[in-house]
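structure, please.
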Amino acid sequence: MVKIYKPKNAKALDKQTLQLTIERLDINGDGVARHQGKPVFVSNALPLEVVEAKVIEQKSKYLRADSKKILTSNAQRVSPECRHFYQCGGCNLQHLEYQAQLDFKQQKVSELFRRNTKLEQLPWQAPLVAKPWHYRRKARIGVQYDRQGQVTLGFRKKQSNVLTPIKQCLVLPQDVSDVFVPLQQVLQKISPSKAIGHCEFIAADRNVLVLRTLKKLPAKSIALLSEFGQQQQLQIILQDEQGISTLDGEDVADLWFQMHGCQLSFSHNDFLQVHGELNATMVQQAISWLALEQDDRVVDLFCGFGNFSVPMAKQCQQLVGVEGVDSMVERAQKNAEANDLRHCDFFQADLNDENVPWPWLEQYPVGHFNKLLLDPARAGAPGAIKRIVSMAPELIVYVSCDAATMSRDSDELLNNGYRLEKIALMDMFAQTRHVETMALFVKNK
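Residues are numbered from 1 along each chain as shown. Predicted structure coming up:
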């Protein structure tokens, strides 16, 4: 048997403690240091800090470590508000003062645009901010059972699939955060054991708790949940493979919220911007940047249930919304009609595949739409961006929850007759690394 020479592996560093000097933050908000020529990504560490960190992962090209002791502290470090911060994988920027969080996010977006579009300077506008705590109106909560059937309710630990037991969550509304302990107690009493897969809170016209059931619940468990719901002022919804229902087996009424004089209804499984207050401000900024007038003809791509479409329709002559999910197209149309907006049309189309035709567009003359908004998912709009260019709207507002894909798509616009006029952060996900961004593109004359 032929023996092939392999160099000896570098000394194993797993679980070792290193003293590191943090150079910067990466795009995920982790500190970046170097050890033996390799980058080390360190949680709970800030630039210019000297930390003792325990190695938790060793790869050929990098290391990951958890900061265990801060030897030299950054002046922008603050004490995390949440008692679960050091275990929970949710809000990873609580140790950084709020203005510095915004600065970090803006720098991250600037770097991604520099990398993908070669723009060195961006026309930054003031960021949109709202309350940084108790803002999140929708959240999925994990449920796990140990071998003895004991229930853990919470979020995943950092770099793990194991749940951190949660007794409160400071980004959820206070009345929802207060439910964690009694919910864990009532789930412990539910039979059969291990019947709940996960749960989801939604705060709208009413507070809703959706329980994903893995087994059929007997009448006794239904009664326990009913009493719990009344005590906590929660509507409890059961979801299984067949669908959803109330505890009584009835159909579930739509949820709704009001914004800019419009009432918008949605289902528990529809995409919902998680920060209600900031969402309203964001929609108003989009309307302002598009400078909507009564003779404008507007397209809203990836329109969902009409979050932007319905308020925009009050300001323009014609509104066309396009969405990939049939049920949300129907809901957007109903939302427009419920708000007495008769000049709106909504269509289903695959916006993600550039090879799939857009028959909805063929019924309008070339150049018919003079303004356009798009709000795609994290994947961005690579399948739509070239056709957007061919539509040649005067103004384009791009809303994104992923600056990497947004900057990639922006390069296509910049190379095809558009200039970036404005860009702004919208802190939809305060205390976390995630960022929402809005950009305005203007067609060159």
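
what's the burial count for Arg34?
As a burial measure, Arg34 scores 14 neighbours (other Cβ atoms under 10 Å). Using the backbone N, CA and C atoms, a C-beta is placed for each residue, glycine as well.

likewise for the one 3 residues further on?
Residues near Gly37, counting by other Cβ under 10 Å, number 5.

which residues in the stretch 51-200 of the chain form helices?
For the stretch 51-200 of the chain, applying DSSP state H, counting those that start in this stretch gives helices covering 98-117, 174-177, 180-189.

quick one, which of these is nearest to Val356?
Checking these against Val356 by Cβ to Cβ gives helix 98-117 as the closest, at 25.1 Å.

helices or strands up against that closest one?
Packing contacts for helix 98-117, counted by 3 or more Cβ pairs under 8 Å, 6 or more residues apart in numbering; DSSP states H and E, involve helix 403-414, strand 418-426.

please identify the deepest-packed of the ones you listed.
When the helices and strands packed on helix 98-117 are scored by mean count of other Cβ atoms under 10 Å, the highest mean neighbour count falls to helix 403-414 (a mean of 21).

what's near enough to touch Cys316?
Leu292, Glu293, Gln294, Asp295, Asp296, Arg297, Val298, Lys371 (Cβ atoms under 8 Å, 6 or more residues apart in numbering).

ok, 10 Å please
By Cβ atoms under 10 Å, 6 or more residues apart in numbering, the contact list for Cys316 reads 287, 290, 292-298, 343-344, 370-371.

swap in Leu440?
123, 125, 285-286, 288-291, 395-398, 418-424.

6 Å instead, please
Trp289, Val397, Glu421, Lys422 (Cβ atoms under 6 Å, 6 or more residues apart in numbering).

including distance to Ala130, could those residues go into TSV?
Converted to TSV, the contacts of Leu440 look like this (distance: Cβ to Cβ, whole Å):
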residue	distance to Ala130
Trp289	18
Val397	19
Glu421	24
Lys422	20
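
returning to what we had before: give me the buried subset of the contacts of Cys316.
Among the contacts of Cys316, those that count as buried by neighbour count (16 or more other Cβ atoms under 10 Å) are Ile287, Leu290, Leu292, Asp296, Arg297, Val298, Cys344, Asn370, Lys371.

so of these, which ones are in helices?
Using DSSP state H, the subset of the buried ones among the contacts of Cys316 located in helices is Ile287.

looking at the buried ones among the contacts of Cys316, which one is closest to His84?
Using Cβ to Cβ, these come closest to His84 at Ile287, 38.2 Å.

which pLDDT does the model give that closest one?
Note on Ile287: pLDDT of 99.

so how far is Gln315 from it?
Separation of Ile287 from Gln315 (Cβ to Cβ, to the nearest Å): 6 Å.

number of residues surrounding Leu187?
Other residues within reach of Leu187, judged by other Cβ under 10 Å, total 21.

domain assignment for the chain?
Domains of the chain are assigned by automatic domain parsing as 1-77, 138-246, 275-443.

hey, least reliable of those domains by pLDDT?
The minimum mean pLDDT among the domains of the chain belongs to domain 1-77 (a mean of 88).

and that one, how far out from the chain middle?
Chain-centre distance of domain 1-77: 28 Å, with Cα atoms, centre = their mean, to the nearest Å.

stretch 94-108 now?
Here the centre of stretch 94-108 is set off from its chain's centre by 17 Å, with Cα atoms, centre = their mean.

please apply the same query to stretch 100-119.
Computed by Cα atoms, centre = their mean, the separation of stretch 100-119 from the middle of its chain amounts to 18 Å.

which residues sit against it?
If you take Cβ under 6 Å, 6+ apart as the criterion, stretch 100-119 is touched by 25, 27, 76, 93, 122, 127, 403-404, 407-408, 410-411, 414, 425, 435, 437.

Glu277 should be in a helix, yeah?
Yes. Residue state for Glu277 (DSSP: H, G, I helix; E, B strand; the rest coil) corresponds to a helix.

distance check, it against Leu163.
Here the distance between Glu277 and Leu163 works out to 29 Å (Cβ to Cβ).

ok, now Ala377?
Here the criterion is Cβ to Cβ. By it, Ala377 lies 26 Å from Leu163.
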